[in-house]
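Chemist: missing the sequence, but the structure's below:
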């Protein structure tokens, strides 16, 4: 797996050659749109509590997959930007990115709890019906890689943001790595539980 610092160095190398792209205000707006997308994933699936696990997990899988695509699209746009000097614009980008990471955390928790439900069915940790078992065998194996892609994409976006807003590099590294550590923990837990089957 490519480290956060390696991605940062690669993005820094490419940034001058690609120095076109979003304005700082457009970047803030794009990050805020991602934050809203993360919030809608939480809301849509929280409202789906009365659905079967299959419906909820299937909806979540589609939402996470689209979310990953949106992160990738924004990362490409950020790598095409010129660096933003320290000041109000850089501060606004950092604040928006920090808010995005805060909104992405509950999405990870939602994926974790859904995978826990699915694995609960597979591992027989509770009484379950065929619906959960079916979801475990079809959606669970897809949801885990989707979360792994989320990890990779957030790592890449963080690295790209650092090259554009270098005045907040330390904080961006710290905040990004905190979320990546959380995702790593979820993946290890899920993979460990699945391996115990």
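Modeler: Happy to help now that I have it. Since the model is a prediction, treat every value here as computed from it, not as a measurement. Numbers count the residues shown, from 1 in each chain.

Chemist: What is the neighbour count of residue 186?
Modeler: Residue 186 has 22 neighbours, counted by other Cβ atoms under 10 Å. No exception for glycine: its C-beta is placed from N, CA and C like everyone else's.

Chemist: shouldn't it be in contact with residue 147?
Modeler: Yes. The criterion here is Cβ atoms under 8 Å, and residue 186 meets it with residue 147 at 6.6 Å.

Chemist: between those two, what contacts are shared?
Modeler: Common neighbours of residue 186 and residue 147, using Cβ atoms under 8 Å, 6 or more residues apart in numbering, are 108, 111, 115.

Chemist: By neighbour count, which of the residues you listed wins?
Modeler: residue 111 (26 neighbours).

Chemist: Low-confidence bits of the chain, can you list those?
Modeler: In the predicted model, the chain carries pLDDT under 70 at residues 1-20, 42-58, 117-140, 191-197.

Chemist: what about the helices in it?
Modeler: Per DSSP state H, the chain carries helices over the ranges 4-14, 24-47, 53-79, 88-123, 130-138, 140-164, 169-195.

Chemist: if I look at residue 159, how far off is residue 180?
Modeler: To residue 180, residue 159 is 11 Å away according to Cβ to Cβ, to the nearest Å.

Chemist: So between the two, which is more surrounded?
Modeler: Taking neighbours as other Cβ under 10 Å, residue 159 and residue 180 compare with residue 159 leading, 26 against 19.

Chemist: tell me which residues in stretch 172-188 are buried?
Modeler: Within stretch 172-188, the residues scored as buried using 16 or more other Cβ atoms under 10 Å are 172-173, 175-176, 179-180, 182-183, 186-187.

Chemist: If you could redo that for stretch 94-111, that was the one I meant.
Modeler: For stretch 94-111, a neighbour-count test (16+ other Cβ under 10 Å) marks 94, 96-101, 103-105, 107-108, 110-111 as buried.

Chemist: Can you name the residues in contact with that stretch?
Modeler: 27-28, 31-32, 34-35, 38-39, 41-42, 45-46, 60, 64, 67, 143, 146-147, 150, 154, 158, 161, 165, 168, 171-172, 175-176, 178-179, 182-183, 186.

Chemist: Count the neighbours of the nearest residue to residue 92 once chain neighbours are set aside for me.
Modeler: The shortest distance from residue 92 to any non-neighbouring residue, by Cβ to Cβ, 6 or more residues apart in numbering, is to residue 28 (5.1 Å). Number of residues near residue 28 (other Cβ under 10 Å) recorded here: 19.
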